[in-house]
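Undergrad: I'll drop the sequence and a predicted model, then ask my questions.
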Amino acid sequence: MIVFRDPSDVPAGFGPSVVAIGKFDGVHSGHRAVLDRARVDAATSGARVVAVTFDRNPLALLRPEICPVDLIGVHQKIQLLAETGIDATLVLRFDRELADLTPGEFVHRVLVDALSVRTVLVGGDFRFGRGGAGNPDVLRELGAELGFDVDVVDDVRAIDAGRRVSSTWIRELLGDGDVETAAKLLGRPASVWGEVVQGLKRGRELGFPTANLSPDLEGFVPADGIYAGWLVDQGSADGLRRGARYPAAISVGMNPTFDDVAVRQVEAYVLDETDLDLYGREVEIQFVARIRGMAAFEGVHALIAQMTDDVERVRAALA
(Lines give C-alpha, C1' and ligand atoms only; values in the text may rest on other atoms or scores of the structure.)
Protein backbone atom coordinates (compact mmCIF):
# COMPACT_ATOMS: atom_id res chain seq x y z
CA MET A 1 0.00 0.00 0.00
CA ILE A 2 1.22 3.48 -0.90
CA VAL A 3 1.04 6.14 1.81
CA PHE A 4 0.65 9.82 0.93
CA ARG A 5 0.95 12.56 3.53
CA ASP A 6 -0.41 15.44 1.44
CA PRO A 7 -2.50 15.78 -1.72
CA SER A 8 0.57 17.25 -3.45
CA ASP A 9 2.36 13.91 -2.88
CA VAL A 10 -0.05 12.08 -5.18
CA PRO A 11 1.60 11.77 -8.60
CA ALA A 12 -0.11 13.03 -11.71
CA GLY A 13 -2.20 10.35 -13.38
CA PHE A 14 -2.59 8.33 -10.19
CA GLY A 15 -6.36 7.94 -10.57
CA PRO A 16 -9.08 7.18 -11.27
CA SER A 17 -9.94 6.17 -7.73
CA VAL A 18 -12.67 4.95 -5.43
CA VAL A 19 -12.24 6.81 -2.14
CA ALA A 20 -13.43 5.96 1.37
CA ILE A 21 -13.19 8.89 3.80
CA GLY A 22 -13.19 8.72 7.59
CA LYS A 23 -11.24 8.90 10.83
CA PHE A 24 -10.88 5.09 10.77
CA ASP A 25 -10.09 5.08 14.49
CA GLY A 26 -9.58 1.42 15.28
CA VAL A 27 -10.13 0.26 11.67
CA HIS A 28 -12.97 -1.79 13.17
CA SER A 29 -15.59 -3.98 11.49
CA GLY A 30 -17.70 -0.98 10.48
CA HIS A 31 -14.73 0.70 8.82
CA ARG A 32 -13.75 -2.47 7.02
CA ALA A 33 -17.29 -2.80 5.67
CA VAL A 34 -16.82 0.59 3.99
CA LEU A 35 -13.42 -0.42 2.62
CA ASP A 36 -14.74 -3.77 1.38
CA ARG A 37 -17.53 -1.94 -0.43
CA ALA A 38 -14.95 0.38 -2.00
CA ARG A 39 -12.96 -2.59 -3.24
CA VAL A 40 -16.09 -4.08 -4.83
CA ASP A 41 -16.95 -0.74 -6.46
CA ALA A 42 -13.44 -0.52 -7.89
CA ALA A 43 -13.26 -4.13 -9.09
CA THR A 44 -15.03 -3.65 -12.41
CA SER A 45 -13.68 -0.22 -13.25
CA GLY A 46 -9.95 -0.64 -12.81
CA ALA A 47 -9.89 2.22 -10.32
CA ARG A 48 -7.58 2.35 -7.32
CA VAL A 49 -8.99 2.08 -3.82
CA VAL A 50 -7.87 4.89 -1.52
CA ALA A 51 -8.61 5.61 2.14
CA VAL A 52 -8.55 9.30 3.05
CA THR A 53 -8.03 9.85 6.75
CA PHE A 54 -6.43 12.25 9.24
CA ASP A 55 -3.33 12.35 11.41
CA ARG A 56 -5.48 13.08 14.47
CA ASN A 57 -9.10 13.24 15.49
CA PRO A 58 -10.39 16.57 14.10
CA LEU A 59 -11.83 17.27 17.56
CA ALA A 60 -8.28 17.51 18.89
CA LEU A 61 -8.11 20.84 17.06
CA LEU A 62 -11.74 21.91 16.97
CA ARG A 63 -13.03 20.81 20.40
CA PRO A 64 -10.11 19.43 22.42
CA GLU A 65 -12.14 19.45 25.64
CA ILE A 66 -14.41 16.70 24.29
CA CYS A 67 -11.92 14.83 22.09
CA PRO A 68 -11.79 11.13 23.05
CA VAL A 69 -8.61 9.12 23.40
CA ASP A 70 -7.67 7.46 20.12
CA LEU A 71 -8.08 3.71 19.86
CA ILE A 72 -4.97 3.51 17.70
CA GLY A 73 -2.12 5.76 16.63
CA VAL A 74 -1.26 6.75 13.08
CA HIS A 75 1.40 4.04 12.82
CA GLN A 76 -1.14 1.37 13.78
CA LYS A 77 -3.79 2.85 11.51
CA ILE A 78 -1.56 2.71 8.46
CA GLN A 79 -0.62 -0.90 9.14
CA LEU A 80 -4.23 -1.96 9.66
CA LEU A 81 -5.40 -0.15 6.52
CA ALA A 82 -2.65 -1.85 4.54
CA GLU A 83 -3.93 -5.23 5.74
CA THR A 84 -7.34 -4.54 4.13
CA GLY A 85 -5.78 -4.78 0.66
CA ILE A 86 -6.47 -1.22 -0.49
CA ASP A 87 -4.08 0.50 -2.87
CA ALA A 88 -3.24 3.70 -1.00
CA THR A 89 -3.94 5.83 2.05
CA LEU A 90 -3.82 9.61 2.11
CA VAL A 91 -3.16 10.79 5.69
CA LEU A 92 -4.15 14.45 5.85
CA ARG A 93 -2.65 16.70 8.48
CA PHE A 94 -5.67 18.14 10.25
CA ASP A 95 -4.56 21.69 10.94
CA ARG A 96 -6.32 25.03 10.83
CA GLU A 97 -5.73 25.38 7.08
CA LEU A 98 -7.52 22.10 6.38
CA ALA A 99 -10.28 22.84 8.89
CA ASP A 100 -11.02 26.17 7.19
CA LEU A 101 -11.56 24.70 3.71
CA THR A 102 -15.13 24.93 2.49
CA PRO A 103 -16.75 21.65 1.44
CA GLY A 104 -16.20 22.58 -2.20
CA GLU A 105 -12.53 23.45 -1.64
CA PHE A 106 -11.95 20.17 0.18
CA VAL A 107 -13.56 18.15 -2.59
CA HIS A 108 -11.62 19.96 -5.33
CA ARG A 109 -8.23 19.82 -3.62
CA VAL A 110 -8.33 16.31 -2.19
CA LEU A 111 -10.77 14.24 -4.17
CA VAL A 112 -10.87 15.69 -7.67
CA ASP A 113 -7.50 17.32 -8.32
CA ALA A 114 -5.32 14.83 -6.41
CA LEU A 115 -7.19 11.52 -6.66
CA SER A 116 -9.37 11.84 -9.78
CA VAL A 117 -12.21 10.32 -7.81
CA ARG A 118 -15.01 8.33 -9.46
CA THR A 119 -16.87 7.19 -6.34
CA VAL A 120 -16.74 8.41 -2.74
CA LEU A 121 -17.89 6.19 0.11
CA VAL A 122 -18.81 7.66 3.49
CA GLY A 123 -20.91 6.84 6.53
CA GLY A 124 -24.26 8.49 7.13
CA ASP A 125 -22.82 10.75 9.87
CA PHE A 126 -19.94 12.02 7.74
CA ARG A 127 -19.22 15.76 8.08
CA PHE A 128 -16.55 17.80 6.34
CA GLY A 129 -15.58 21.36 5.49
CA ARG A 130 -15.52 24.52 7.56
CA GLY A 131 -17.84 24.29 10.55
CA GLY A 132 -18.98 20.81 9.51
CA ALA A 133 -21.05 22.37 6.71
CA GLY A 134 -20.59 19.36 4.44
CA ASN A 135 -22.63 16.15 4.76
CA PRO A 136 -23.54 13.30 2.39
CA ASP A 137 -26.20 15.41 0.67
CA VAL A 138 -23.73 18.25 0.02
CA LEU A 139 -21.24 15.67 -1.22
CA ARG A 140 -23.83 14.31 -3.65
CA GLU A 141 -24.50 17.81 -5.00
CA LEU A 142 -20.78 18.34 -5.56
CA GLY A 143 -20.51 14.92 -7.16
CA ALA A 144 -23.29 15.70 -9.62
CA GLU A 145 -21.45 18.87 -10.56
CA LEU A 146 -17.94 17.42 -10.73
CA GLY A 147 -18.63 13.97 -12.12
CA PHE A 148 -18.35 11.47 -9.26
CA ASP A 149 -20.81 9.23 -7.42
CA VAL A 150 -21.44 9.12 -3.68
CA ASP A 151 -22.22 5.88 -1.86
CA VAL A 152 -23.43 6.16 1.76
CA VAL A 153 -22.66 2.87 3.51
CA ASP A 154 -25.10 1.60 6.14
CA ASP A 155 -23.94 1.07 9.71
CA VAL A 156 -22.74 -2.34 10.85
CA ARG A 157 -24.83 -3.32 13.88
CA ALA A 158 -24.46 -6.01 16.51
CA ILE A 159 -27.48 -8.32 16.33
CA ASP A 160 -27.62 -8.99 20.07
CA ALA A 161 -27.14 -5.40 21.26
CA GLY A 162 -28.80 -3.70 18.30
CA ARG A 163 -26.05 -1.11 18.55
CA ARG A 164 -23.93 0.41 15.81
CA VAL A 165 -20.32 -0.77 15.80
CA SER A 166 -18.35 2.34 16.70
CA SER A 167 -15.09 3.53 18.21
CA THR A 168 -17.10 4.90 21.15
CA TRP A 169 -18.52 1.48 21.99
CA ILE A 170 -15.09 -0.14 21.72
CA ARG A 171 -13.60 2.47 24.09
CA GLU A 172 -16.32 1.69 26.62
CA LEU A 173 -15.55 -2.02 26.43
CA LEU A 174 -11.80 -1.53 26.81
CA GLY A 175 -12.40 0.88 29.70
CA ASP A 176 -14.21 -1.99 31.42
CA GLY A 177 -11.46 -4.47 30.55
CA ASP A 178 -13.74 -6.43 28.21
CA VAL A 179 -11.12 -7.07 25.57
CA GLU A 180 -12.92 -10.15 24.26
CA THR A 181 -16.05 -8.30 23.16
CA ALA A 182 -13.90 -5.43 21.87
CA ALA A 183 -12.01 -7.92 19.70
CA LYS A 184 -15.28 -9.09 18.13
CA LEU A 185 -16.11 -5.52 17.10
CA LEU A 186 -12.59 -4.79 15.96
CA GLY A 187 -12.20 -8.06 14.08
CA ARG A 188 -8.83 -8.53 15.81
CA PRO A 189 -7.37 -8.27 19.32
CA ALA A 190 -7.16 -4.79 20.81
CA SER A 191 -3.52 -3.75 20.99
CA VAL A 192 -0.99 -1.12 21.88
CA TRP A 193 2.31 -0.43 20.19
CA GLY A 194 5.50 1.06 21.61
CA GLU A 195 9.19 0.81 22.38
CA VAL A 196 10.51 -1.50 25.10
CA VAL A 197 12.34 0.60 27.71
CA GLN A 198 14.18 0.06 30.96
CA GLY A 199 11.93 -0.48 33.98
CA LEU A 200 12.60 -1.08 37.67
CA LYS A 201 13.56 -4.70 36.85
CA ARG A 202 11.40 -5.91 39.71
CA GLY A 203 9.82 -8.58 37.52
CA ARG A 204 13.25 -10.08 36.91
CA GLU A 205 13.91 -10.13 40.64
CA LEU A 206 10.63 -11.99 41.17
CA GLY A 207 11.37 -14.53 38.42
CA PHE A 208 9.05 -12.99 35.80
CA PRO A 209 11.12 -10.56 33.70
CA THR A 210 8.89 -8.17 31.77
CA ALA A 211 9.15 -5.99 28.69
CA ASN A 212 8.07 -2.51 29.78
CA LEU A 213 6.52 -0.27 27.14
CA SER A 214 7.36 3.41 26.97
CA PRO A 215 4.54 5.65 28.28
CA ASP A 216 4.57 7.24 24.81
CA LEU A 217 2.84 4.23 23.29
CA GLU A 218 0.18 4.14 20.61
CA GLY A 219 -3.25 2.72 21.26
CA PHE A 220 -5.96 2.65 23.90
CA VAL A 221 -4.77 0.99 27.12
CA PRO A 222 -7.55 -1.14 28.65
CA ALA A 223 -8.58 -1.18 32.31
CA ASP A 224 -5.98 -2.04 34.94
CA GLY A 225 -5.48 -5.75 35.41
CA ILE A 226 -3.72 -8.88 34.21
CA TYR A 227 -4.37 -10.09 30.67
CA ALA A 228 -3.54 -13.02 28.46
CA GLY A 229 -2.22 -11.99 25.09
CA TRP A 230 0.63 -11.83 22.67
CA LEU A 231 3.80 -9.81 22.31
CA VAL A 232 4.68 -9.27 18.66
CA ASP A 233 8.25 -8.13 18.05
CA GLN A 234 8.03 -5.49 15.31
CA GLY A 235 11.78 -5.02 15.11
CA SER A 236 13.98 -1.99 15.60
CA ALA A 237 12.64 1.57 15.46
CA ASP A 238 13.57 1.78 11.77
CA GLY A 239 11.16 -1.07 11.04
CA LEU A 240 13.87 -3.57 10.21
CA ARG A 241 14.50 -7.06 11.58
CA ARG A 242 10.97 -7.97 12.58
CA GLY A 243 10.85 -10.86 14.97
CA ALA A 244 8.51 -13.38 16.48
CA ARG A 245 5.12 -13.56 18.20
CA TYR A 246 5.22 -14.71 21.82
CA PRO A 247 2.50 -15.75 24.31
CA ALA A 248 2.51 -13.28 27.18
CA ALA A 249 1.06 -12.41 30.57
CA ILE A 250 0.37 -8.67 30.44
CA SER A 251 0.09 -6.30 33.37
CA VAL A 252 -1.61 -2.91 33.12
CA GLY A 253 -1.51 -0.56 36.10
CA MET A 254 0.64 1.15 38.70
CA ASN A 255 2.07 -1.76 40.71
CA PRO A 256 -0.01 -1.29 43.89
CA THR A 257 1.94 -3.90 45.89
CA PHE A 258 5.05 -1.71 45.86
CA ASP A 259 3.32 1.63 45.18
CA ASP A 260 6.37 3.11 43.45
CA VAL A 261 5.15 3.60 39.87
CA ALA A 262 4.04 7.15 39.06
CA VAL A 263 2.06 6.42 35.87
CA ARG A 264 0.08 3.51 34.48
CA GLN A 265 2.35 1.13 32.65
CA VAL A 266 2.00 -1.78 30.28
CA GLU A 267 4.45 -4.63 30.76
CA ALA A 268 4.49 -8.14 29.38
CA TYR A 269 6.11 -11.33 30.62
CA VAL A 270 6.82 -13.65 27.72
CA LEU A 271 5.92 -17.13 28.93
CA ASP A 272 8.88 -19.37 29.70
CA GLU A 273 11.44 -16.78 28.56
CA THR A 274 13.92 -15.38 31.10
CA ASP A 275 16.70 -13.97 28.92
CA LEU A 276 14.85 -12.42 25.96
CA ASP A 277 16.42 -9.04 25.16
CA LEU A 278 13.84 -6.66 23.69
CA TYR A 279 15.25 -3.32 24.84
CA GLY A 280 14.90 -0.69 22.14
CA ARG A 281 12.61 -2.88 20.06
CA GLU A 282 9.20 -1.83 18.79
CA VAL A 283 6.58 -4.30 19.98
CA GLU A 284 2.84 -4.72 19.69
CA ILE A 285 0.99 -6.00 22.75
CA GLN A 286 -2.27 -7.76 21.86
CA PHE A 287 -4.92 -8.29 24.56
CA VAL A 288 -6.86 -11.56 24.28
CA ALA A 289 -8.56 -12.10 27.66
CA ARG A 290 -8.66 -10.44 31.08
CA ILE A 291 -7.47 -12.77 33.83
CA ARG A 292 -8.20 -10.57 36.85
CA GLY A 293 -8.23 -7.01 38.09
CA MET A 294 -5.24 -5.26 39.64
CA ALA A 295 -4.69 -5.79 43.37
CA ALA A 296 -2.13 -5.15 46.11
CA PHE A 297 -0.65 -8.16 47.93
CA GLU A 298 0.73 -8.61 51.43
CA GLY A 299 4.38 -9.16 50.65
CA VAL A 300 6.53 -10.62 47.93
CA HIS A 301 5.69 -14.28 48.57
CA ALA A 302 1.96 -13.69 48.10
CA LEU A 303 2.66 -11.73 44.92
CA ILE A 304 4.87 -14.47 43.47
CA ALA A 305 2.22 -17.08 44.24
CA GLN A 306 -0.40 -15.00 42.46
CA MET A 307 1.87 -14.35 39.48
CA THR A 308 2.53 -18.08 39.17
CA ASP A 309 -1.22 -18.71 39.10
CA ASP A 310 -1.71 -15.87 36.62
CA VAL A 311 0.78 -17.44 34.22
CA GLU A 312 -1.03 -20.76 34.30
CA ARG A 313 -4.36 -19.05 33.65
CA VAL A 314 -2.79 -17.11 30.77
CA ARG A 315 -1.42 -20.33 29.34
CA ALA A 316 -4.88 -21.90 29.47
CA ALA A 317 -6.55 -18.84 27.92
CA LEU A 318 -4.16 -18.92 24.96
CA ALA A 319 -4.28 -22.69 24.44
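TA: Cool, the structure landed.

Undergrad: make it CA atoms for all contacts and neighbour counts henceforth
TA: Will do.

Undergrad: what bits of the stretch 151-300 of the chain have low per-residue confidence?
TA: 158-161, 200-207, 236-243, 256-262 (pLDDT under 70).

Undergrad: Mind jotting down where the strands sit in it?
TA: With strands called from DSSP state E, counting those that start in this stretch, the stretch 151-300 of the chain shows them at 190-197, 211-213, 225-235, 245-253, 265-270, 282-292.

Undergrad: Tabulate the ones you listed in TSV, adding columns for mean neighbour count and distance to Val179.
TA: What follows is those, written out as TSV (neighbours: other C-alpha atoms under 10 Å; distance: least, C-alpha to C-alpha, whole Å):
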stretch	mean neighbour count	distance to Val179
strand 190-197	23	7
strand 211-213	26	19
strand 225-235	23	9
strand 245-253	23	13
strand 265-270	24	15
strand 282-292	23	6
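
Undergrad: Ile72: which of those strands is closest?
TA: With C-alpha to C-alpha, the closest approach to Ile72 among the strands of the stretch 151-300 of the chain belongs to strand 190-197: 7.4 Å.

Undergrad: angle of that closest one against strand 265-270?
TA: 90 degrees (axes from the mean of the first three to the mean of the last three C-alpha atoms, to 10 degrees).

Undergrad: For the chain, which residue occupies the most central location?
TA: Ile72 (2.7 Å; C-alpha atoms, centre = their mean).

Undergrad: on that earlier part again, Serialize the strands of the stretch 151-300 of the chain to CSV and add fields for distance to Gly22.
TA: What follows is these, written out as CSV (distance: least, C-alpha to C-alpha, whole Å):
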stretch, distance to Gly22
strand 190-197, 20
strand 211-213, 29
strand 225-235, 27
strand 245-253, 30
strand 265-270, 29
strand 282-292, 24
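
Undergrad: Please point out which parts of the biggest helix by length in the chain sit buried.
TA: Counting residues, the longest helix found in the chain (DSSP state H) is helix 300-318. Residues Leu303, Ile304, Met307, Asp310, Val311, Arg313, Val314, Arg315 are the ones in helix 300-318 that count as buried (16 or more other C-alpha atoms under 10 Å).

Undergrad: what's the spacing between Leu213 and Ala295?
TA: Distance of Leu213 to Ala295, computed by C-alpha to C-alpha, to the nearest Å: 20 Å.
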